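Colleague: Pasted the sequence and its predicted model underneath.
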Amino acid sequence: MRASAAVATALAPDGRTTLSRLASAPPLTLRQTGPHTVHLISTAAGPLGGDRLALDLDVAPRTTLNLGSVAATLVLPGEGTSELLVTARVGAGATLRFAPEPTVLAAGCDHRLLVRLTLEGDAAVLWREEIVFGRHGEPSGRCHARFDATRDGVPLLRQEFTVGDPELDASSAVYGAARCVGTTFVTAQVKEAAVAEGVAVLPLAAPGTLVSALAADAVQLRARLEWGERTAAPLLAAPW
């Protein structure tokens, strides 16, 4: 399957954020759920092995976009590797909060998750990713995740990690007994690192903060990430 979806915002004359584009294709179906909030609604199974899915976000200067999902994404096995490419451009003075529900790696899947985030000027971003290692009682499928963020052409964060590699998963120095991993990138920068059980809040070299967490289940993972988000960027982490 080849499918793509897109969201674009525009600034109204009265200063409000409007949606200038909202395009969907199953399984990526988008619905506006608030003045500047959009949710992904799965309208087909997937991604399945071999699928190529793309989500494009264009946040105009001085506008706001909140993007979530109504349910977790279940990645299923099939013929070949599945891929989800998320491309986001955030204009000067704009705000993007990207926080979908977790991605669950069903046993036998082989998935690539690619994010390309471009920011201009004083754009503000909170970008959360959560991955669950398989459904209840089954081993994790495989996922290679890559996150690239730049501001005005200068790299902010380059990060890669793999889930579902037996040699890595078995190492106590990587995931240990955890069944979930998550990260949140925020453009606000903490003055110093903060560490609690299962979570670390680390300032980046360029203005920004990375929250990383491991957990036994998705509920615990979300709680740890939200603690880190509130520590790093209380305004960005505020409820939608």
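Modeller: Everything's here; your move. Numbering: from 1, shown residues only.

Colleague: what about the longest helix along the chain, average pLDDT?
Modeller: Ranked by number of residues, the top helix in the chain under DSSP state H is helix 218-232. Helix 218-232 carries an average pLDDT of 96.

Colleague: before we move on, what about stretch 10-29?
Modeller: Stretch 10-29 comes out with an average pLDDT of 95.

Colleague: buried stuff in the least confident helix or strand in the chain by mean pLDDT?
Modeller: Sorting the helices and strands of the chain by mean pLDDT, DSSP states H and E puts helix 166-169 at the bottom, at a mean of 77. Of the residues in helix 166-169, Asp169 count as buried by neighbour count, 16 or more other C-beta atoms under 10 Å. In short, each C-beta sits where N, CA and C put it, glycine included.

Colleague: Just give the strands next to whichever helix or strand comes after it in its sheet, each with its orientation.
Modeller: Downstream of helix 166-169, the next assigned helix or strand under DSSP states H and E is strand 180-186. Strands that pair with strand 180-186, judged by DSSP bridges, come out as strand 124-132 (antiparallel), strand 209-215 (antiparallel).

Colleague: Show me the contact partners of the least confident helix or strand of the chain.
Modeller: Helix 166-169 has contacts (C-beta atoms under 8 Å, 6 or more residues apart in numbering) with Phe133, Ser140, Thr162, Val163, Val174, Tyr175.

Colleague: Run the chain-centre distance for it.
Modeller: 23 Å (C-alpha atoms, centre = their mean, to the nearest Å).

Colleague: quick one: low-confidence ranges for the protein?
Modeller: 239-240 (pLDDT under 70).

Colleague: Report the central residue of it.
Modeller: Per C-alpha atoms, centre = their mean, the C-alpha nearest to the average position across the chain is that of Glu129, at 3.5 Å.

Colleague: want to throw the strands paired with strand 180-186 into JSON lines with distance to Ala23?
Modeller: Below are the strands paired with strand 180-186 laid out as JSON lines (distance: least, C-beta to C-beta, whole Å):
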{"stretch": "strand 124-132", "distance to Ala23": "21"}
{"stretch": "strand 209-215", "distance to Ala23": "31"}
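
Colleague: So for Pro26, which of those sits nearest?
Modeller: strand 124-132 (22.5 Å; C-beta to C-beta).

Colleague: After the helix or strand containing Arg146, which helix or strand is next?
Modeller: Assigned by DSSP H and E, Arg146 belongs to strand 142-151. Elements were assigned by DSSP H and E; along the chain past strand 142-151, the next helix or strand is strand 154-163.

Colleague: That following strand pairs with which strands, parallel or anti?
Modeller: In the sheet, strand 154-163 lines up with strand 142-151 (antiparallel) (DSSP bridges).

Colleague: Is there a neighbour count for Arg2? I'd like the number.
Modeller: Neighbourhood size, Arg2 [other C-beta atoms under 10 Å]: 9.

Colleague: related to what we said a few turns ago, so what's the residue nearest to the residue nearest to the centre of the chain when sequence neighbours are not counted up against?
Modeller: Computed as C-beta to C-beta, 6 or more residues apart in numbering, the closest residue to Glu129 that is not its neighbour in sequence is Thr183, at 5.5 Å. Counting by C-beta under 8 Å, 6+ apart, Thr183 makes contact with Arg128, Glu129, Phe147, Gln159, Leu210, Val211, Ser212, Ala213, Leu225.
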